[in-house]
Structures are given as C-alpha cells and as structure tokens.
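With the sequence up front, the predicted model follows.
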Amino acid sequence: MSNNKLNQFANQRYLNLETYRKTGHSVATPMWFTEHNGALYIYSFANGGKVKRIRSNTNVRVVSSDRRGKPKGEWVDAKAQILNERGAELGHQLLNKKYRWMKRIGDVFNKLRRREKVVVAIEVV
C-alpha cells in the first residue's frame, strides 16, 4: 500500500466509501474509519447495503471527507474485505480507541436492537 495515497487520511475523522451495485452504479457513503498498519478499518451492519455490495464486488474507492461525504482529497482505488471474528475484534478496538464514547454509545443501542455488525478492512491499491 502506498503511503502517499494514505496521507490524505491522517488526522481525519471520516472517509467516503464508494461501493458498486451489480448494475455498476456506485454508491458513496461517509463513514468513521481508523488506519492501522496500512489498512483502513470501518464497520457497518451485517445486512446493510454497503456490506451486501462488498460481498458482491470487493472493488471500492475511498477518499477522506467531511461527515456529509464532501471529499477532502482524491479518490483512490481499493479492495475491501469483510473480516473474520478475530480481525473484527481488532477493528472494533481500534475504532473504540479513536471514537471513544460516541462509538460505545452506538454499540450499546445496536446491541439492544440485536443488530449484527461486521468490520471491513480496506487496502488501497
């Protein structure tokens, strides 16, 4: 992974993730993320649209953004991978460290609603 392509994500709180429908149309979603060892980590609901699109097509694009998705850098091509339980545990630890109480509050509500989450690792190509 190129460090130059990752530089735009340093000290940022959001990235815009672009996934692709089976028709080829793209869908962009601003998300919380964290970076660790050259990979970007996000989380989402297991049955959410972006996760379904990643299961169908692992090619994605990402850009640093504001919370509404307005790009702050240049889009870069990447590969997304839904992580197993061990990888997801690391991802949640890293996201909890970065977003602290905000993520933990969301986790409590999601647990009460019994919404399963997955962690996705994104590798810039």
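Cool, the structure landed. What you see is a predicted model, and the numbers here were worked out from it, not measured in a lab. Residues are numbered from 1 along each chain as shown.

Surely Arg55 is within a strand?
No. Checked against DSSP: H, G, I helix; E, B strand; the rest coil, Arg55 lies outside a strand; its state is helix.

What residues does it make contact with?
Neighbour list for Arg55: Ile82 [criterion: CB atoms under 8 Å, 6 or more residues apart in numbering]. Bear in mind the C-beta positions are built from the backbone N, C-alpha and C, glycine included.

ok, Arg53 - contacts?
19-21, 27.

Quickly find the element holding the residue nearest to the spatial centre of the chain.
Closest residue to the average C-alpha location of the chain: Ile42 at 2.8 Å, with CA atoms, centre = their mean. Element membership for Ile42, per DSSP states H and E: strand 39-45.

so what does that strand touch, helix or strand wise?
Packing partners of strand 39-45 (3 or more CB pairs under 8 Å, 6 or more residues apart in numbering; DSSP states H and E): strand 14-20, strand 26-32, strand 34-36, helix 49-56, helix 85-112, strand 117-124.

In terms of mean pLDDT, which of these ranks lowest?
Mean pLDDT values for the helices and strands packed on strand 39-45 show the minimum at helix 85-112, a mean of 83.

Tell me the helices and strands packed up against that one.
strand 26-32, strand 34-36, strand 39-45, strand 117-124.

Okay, buried residues for that helix please.
87-88, 91-92, 94-95, 98-99, 103, 107 (16 or more other CB atoms under 10 Å).

Just read off the phi/psi values of Pro71.
phi -60, psi 140 (degrees, to the nearest 10).

Could you report the pLDDT at it?
pLDDT, read off for Pro71, is 97.

Grab the nearest non-local neighbour of it.
Nearest residue to Pro71 in three dimensions, chain neighbours excluded: Val63, at 4.5 Å (CB to CB, 6 or more residues apart in numbering).

residues contacting the one you found?
By CB under 8 Å, 6+ apart, the neighbours of Val63 are 8, 15-16, 71-76.
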